[in-house]
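Participant: Got a predicted structure plus its sequence, pasted below:
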Amino acid sequence: MSIAVYRIDDRLIHGQVVVGWGQVLGVGFIVLVDDEVRGSDWEQELYRMGVPPAVSVEFAGVAEAIMRLPAWEADPRRGIVLTGDIDGMVTLCTGAPDRISRVNLGGIHFREGRKERLRYLYLSDEEATKLRALARCGIEVTAQDVPTARPVPLEELLA
């Protein structure tokens, strides 16, 4: 399988994803799964500007991504599939059962109703419930801002 990381990060494509994860994992492509960005040419161009020319960037809405997962998994290059929120990743995981075995929680920042779990991770009770549901489906959910950090298991994160 060529998808190295399925990641949730509300900043989408930024330096930590490109350098911190992309270079360390040797990725050749990044897939940004977001319905709004998929429909915005100027946002797509903005995100492309932050990625080195050797790394291709694809944009997909969530429903489209579910259909395209087999092709991305078959790509000989390593890749990152990135959503900006938990709902997008939950939809992707439930729409493609048995394809996604691990989800990385990256930057999910403060918003009203969220509690700090780690310095880079804030979750509402509803979001925590959704992540627990993913874990009950057999998906390993961990928080890890950079590859050199220790992955924090969901159970520890929500304790």
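Facilitator: Perfect, I can see it now. Numbers count the residues shown, from 1 in each chain.
Participant: Distance from the chain centre to the worst-scoring helix or strand of the chain on mean pLDDT, please.
Facilitator: Within the chain, no helix or strand scores below helix 15, which has a mean of 85 by mean pLDDT, DSSP states H and E. Here helix 15 is found 14 Å from its chain centre; the criterion is C-alpha atoms, centre = their mean, to the nearest Å.
Participant: I'd like the next helix or strand past that helix.
Facilitator: For helix 15, the following helix or strand on the C-terminal side (DSSP states H and E) is helix 24-25.
Participant: Next up, the contacts around Leu131.
Facilitator: For Leu131, the contact set (C-beta atoms under 8 Å, 6 or more residues apart in numbering) comprises Ile86, Leu105, Leu123, Val141, Leu154, Leu158. For the C-beta atoms, the positions are set from N, CA and C on the backbone; glycine is no exception.
Participant: go again using 7 Å as the cut-off
Facilitator: For Leu131, the contacting residues are Ile86, Val141, Leu154, taking C-beta atoms under 7 Å, 6 or more residues apart in numbering as the criterion.
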